[in-house]
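>>> got a structure for you, letters missing:
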């Protein structure tokens, strides 16, 4: 997908014709950070949601359940997304061929742009995720 987006202005057929050139390794570039990001972010999200929901139910007995769920969901989504964003940045850099492997992508990103470069796009991602 990232390679297709990198080929702005080209028809879908041109992009599809390039798939055999990529080979099996090229098609699965970025799978490692994508998988690790999905697992960690969803695990953190669910743990935080359940923890906040159970704690808030004990502390705020007069508050409606839907309000507690909304608070817990928002907090879980916020922290879970912040766990996933660096993995997405690395995945996109691998998919567009900027780096040969995950370790090189990570070290180069931190060396060139600092740790904050791994969180590029956080605001856009959070604005998309928080409502859900």
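Happy to help now that I have it. Computed from a predicted model, the values in this text were never measured in an experiment.

>>> Buried residues, the helix or strand encompassing residue 43. List them.
In this assignment (DSSP states H and E), residue 43 forms part of helix 31-59. The neighbour-count check on helix 31-59 (16 or more other CB atoms under 10 Å) flags 33-34, 36-37, 41, 44-45, 48-49, 52-53, 56 as buried. Placement of C-beta: from N, CA and C, glycine included.

>>> now do stretch 67-75
68, 71-73, 75.

>>> Can you say which helix or strand has the residue lying closest to residue 117 once chain neighbours are set aside in it?
Leaving aside its chain neighbours, residue 117 sits nearest to residue 109 (5.1 Å; criterion: CB to CB, 6 or more residues apart in numbering). Per DSSP H and E, residue 109 falls inside helix 102-113.

>>> Could you pull up the mean pLDDT of that helix?
Averaging pLDDT along helix 102-113 yields 93.

>>> now swap in stretch 48-59 and tell me
Mean predicted confidence for stretch 48-59 is 93.

>>> Now do residue 16: how many residues are near it, please.
Per other CB atoms under 10 Å, the neighbour tally for residue 16 reads 10.

>>> do residue 84 as well
When neighbours are counted by other CB under 10 Å, residue 84 comes out with 25.

>>> ok, now which ones touch the residue nearest to it when sequence neighbours are not counted?
Excluding the flanking residues, the one nearest residue 84 by CB to CB, 6+ apart is residue 41, at 3.6 Å. Contact partners of residue 41, counting by CB atoms under 8 Å, 6 or more residues apart in numbering, are 80-81, 83-84, 87.

>>> longest helix anywhere in the protein?
Identified as the longest helix of the chain according to DSSP state H is helix 65-95.

>>> Please name every helix or strand in contact with that one.
On a contact count with 3 or more CB pairs under 8 Å, 6 or more residues apart in numbering; DSSP states H and E, helix 65-95 meets helix 2-6, helix 31-59, helix 102-113, helix 122-129.
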